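>>> Everything below, folded, please.
(one chain, ligands or ions: 2)
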Amino acid sequence: MTGPLVLAVESSCDETGIAVVEGGRRIHSNVVASQTALHAAAGGIVPEVAARAHLRWIVPVLDEALADSGVTPRDVDAIAVTYGPGLAGSLLVGVNFAKALALVHDRPLVGVNHLEGHLYAAWLLDPGEAEREEPVFPLVALIVSGGHTFLVEMTDHLTYRLLGQTLDDAAGEAFDKVGRLLGLSYPGGPAIQRAAEAATRRDVAFPRAWLPGTYDFSFSGLKTAARRVIAGARAEEGLPADDPAATLSDATTAELAWGFQESVVDVLATKAARAAKEIGARSIVLGGGVAANSVLRERLHHEAETLGLPLIVPRPGLCTDNGAMIGAAGARRFLAGERAGLDLDARPSLPLATR
Ligand code: KG4
Ligand code: ZN
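Ligands and ions are numbered 1, 2, ... in the order given. Presented below is the predicted three-dimensional model:
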């Protein structure tokens with residue numbers, strides 16, 4: 001493979017990720033230090049704790065990423081770094097680290113939008129993976145993470161048109177909040193998926209906010225409905241309302257987790273497929289942490305198959321935050337001639353595209 005060799009740094013949320021990626025596609029190394037265990041006790045991310053953990057782990061993560069790939073910072077064509085959106089303190093660690101690397105090793109610096117990284121994860125190939133076709137334009141991408149939920153049309157590289165976004169909670173945020181209500185471990189997404197797999201009675205129905213005539217999403221009503229249903233189930237099982245340690249029976253937890261997951265997946269997959277059909281897309285891309293969800297993956301596969309379109313969805317480990325996806329997007333930005341100065345700053349609310 002040809003193309004720029006990029007050293008990429010990701011620290012926008014609670015994973016410290018550094019990767020070496022060639023040509024915006026081939027992963028040479030991809031090391032992620034996850035902080036989920038650190039935040040589990042609090043049931044969510046504590047920004048100050050996250051920033052300190054990035055500081056603690058970023059050098060060992062770099063050392064491992066370089067050792068795994070056998071390259072030195074001098075060998076790379078560019079250093080790419082996530083500069084937004086994300087938590088200010090977390091972003092600052094990665095941005096300043098990447099700036100220092102760029103300065104010390106005299107390499108060009110490229111700023112990358114984290115959401116663009118999730119999208120470009122669709123182009124990544126694992127070290128030994130066989131070549132396969134790239135996503136074909138125009139495409140529709142559904143990006144669903146802990147902080148974002150949107151549908152975007154891509155007519156070419158780095159060219160986005162926002163089709164719809166969440167009006168309130170992100171899909172991952174809804175998973176995390178309902179996971180907490182069910183007394184499941186943090187993060188809620190994987191925990192709900194696991195719990196739902198055990199459901200035997202699969203008939204509980206949660207509401208779906210279709211927001212007709214738009215590609216927008218809303219999950220706050222679903223969250224409120226879940227809170228009400230969970231409170232009702234707790235009363236039925238004689239559990240105290242104010243003691244989170246007293247959890248519902250496994251059977252009820254599984255059934256409610258299943259119903260909630262169905263509702264989220266149904267709306268996401270239906271709207272993504274509708275958008276792909278209406279704009280005449282030639283492929284569909286799925287990305288972001290929630291794209292690790294097996295039910296969403298299967299459902300969208302089915303929808304894409306019905307439309308006769310290829311669905312490109314990275315393996316679960318490349319859907320959640322990692323450095324390789326920043327290397328994929330960073331290479332495109334680098335090839336487009338983009339360079340960041342040493343005044344590159346963290347942009348916690350950086351948008352990907354506006355309507
Ligand atoms: O993309 P990501 O790693 O970080 C952000 O940029 O936000 O996404 C994290 C989100 C969390 O809300 C987590 O609960 C969700 O992705 N998630 C899942 C699954 N794995 C991670 N949601 C549903 N099912 C999963 N298997
Ligand atoms: Zn993310």
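
>>> From here on, just use CA atoms for contacts and neighbour counts.
OK.

>>> Kindly report the residues of the protein close to ligand 1.
For the chain, the contact set with ligand 1 under Cα under 6 Å from any ligand atom comprises 145-147, 172-173, 175-176, 187-190, 193, 288-290, 292-293, 320-321.

>>> of those residues, buried ones?
By neighbour count, with 16 or more other Cα atoms under 10 Å, the residues of the chain next to ligand 1 hold 145-147, 172-173, 175-176, 187-190, 193, 288-290, 292-293, 320-321 as buried.

>>> Which members of the residues you listed are positioned in helices?
Of those, the ones assigned to helices by DSSP state H are 172-173, 175-176, 188-190, 193.

>>> Between which two of these is the distance greatest?
Glu173 and Gln193 (14.3 Å; Cα to Cα).

>>> Tell me the gap between the helix or strand harbouring His302 and the middle of its chain.
His302 belongs to helix 294-307 when assigned by DSSP states H and E. Remark: helix 294-307 is offset 18 Å from the chain centroid, using Cα atoms, centre = their mean, to the nearest Å.

>>> Which strands or helices does that helix pack on?
helix 250-279, strand 311-312 (3 or more Cα pairs under 8 Å, 6 or more residues apart in numbering; DSSP states H and E).

>>> Out of these, which gets nearest to Thr82?
Going by Cα to Cα, the one of the helices and strands packed on helix 294-307 nearest Thr82 is strand 311-312, 22.8 Å.

>>> partners of the closest one, with directions?
Here strand 311-312 has these sheet partners by DSSP bridges: strand 283-287 (parallel).

>>> Helix 294-307 and the strand it pairs with, what's the angle between them?
170 degrees (axes from the mean of the first three to the mean of the last three Cα atoms, to 10 degrees).

>>> How far away from the center of its chain is strand 283-287?
Centroid separation for strand 283-287 versus its chain: 13 Å, with Cα atoms, centre = their mean.

>>> same thing with stretch 156-166?
On the basis of Cα atoms, centre = their mean, stretch 156-166 sits 16 Å off its chain's mean C-alpha point.

>>> buried sites along that stretch?
In stretch 156-166, counting by 16+ other Cα under 10 Å, buried: 160, 162-166.

>>> and which of these is nearest to ligand 1?
Within the buried residues of stretch 156-166, proximity to ligand 1 (Cα to the nearest ligand atom) peaks at Thr166, which comes in at 13.7 Å.

>>> hang on, the earlier thing: so for the helix holding His302, what's the average pLDDT?
Averaging pLDDT along helix 294-307 gives 98.

>>> Which residues does it contact?
193, 265-266, 269-270, 273, 277, 284, 291, 310-311, 313 (Cα atoms under 8 Å, 6 or more residues apart in numbering).

>>> quick one, that helix and helix 250-279 angle?
Using the same axes, to 10 degrees, helix 294-307 lies at 30 degrees relative to helix 250-279.

>>> Pull out the buried positions in helix 294-307.
Those would be 295-297, 299-301, 303-304, 307, for helix 294-307 by 16+ other Cα under 10 Å.

>>> Between all of these, which two are separated the most?
Val295 and Leu307 (18.6 Å).

>>> before we move on, back to that, pLDDT for the ones in helices among the buried ones among the residues of the chain next to ligand 1 - can I get that in CSV?
What follows is these, written out as CSV (pLDDT from 0 to 100):
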residue, pLDDT
Gly172, 97
Glu173, 97
Phe175, 98
Asp176, 96
Gly188, 97
Gly189, 98
Pro190, 97
Gln193, 98
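
>>> Just give the nearest non-adjacent residue to Ala19, would you?
Asn30 (4.1 Å; Cα to Cα, 6 or more residues apart in numbering).

>>> Need the three-state assignment for that neighbour.
Here Asn30 is strand, with the state taken from DSSP: H, G, I helix; E, B strand; the rest coil.

>>> Let me see the contact set for it.
Residues near Asn30 by Cα under 8 Å, 6+ apart: 17-20, 65, 322-324.

>>> now the strands for the chain?
5-10, 15-22, 26-34, 78-84, 109-113, 139-144, 149-156, 159-165, 283-287, 311-312 (DSSP state E).

>>> and the fourth one, which residues are buried?
The neighbour-count criterion (16+ other Cα under 10 Å) identifies 78-84 as the buried residues of strand 78-84.

>>> So what are the sheet partners of it and their directions?
Applying DSSP bridges, strand 78-84 is found paired with strand 5-10 (parallel), strand 109-113 (parallel).

>>> and the last one, C-alpha only, in PDB?
Read that as strand 109-113. C-alpha atoms of strand 109-113 as PDB (Å, rounded to 0.1, in the frame of the first residue of the first chain):
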ATOM      1  CA  LEU A 109       0.700  18.300  12.400                       C
ATOM      2  CA  VAL A 110      -2.900  17.600  11.200                       C
ATOM      3  CA  GLY A 111      -6.000  18.300  13.300                       C
ATOM      4  CA  VAL A 112      -8.800  15.800  13.000                       C
ATOM      5  CA  ASN A 113     -12.500  16.000  14.000                       C
END
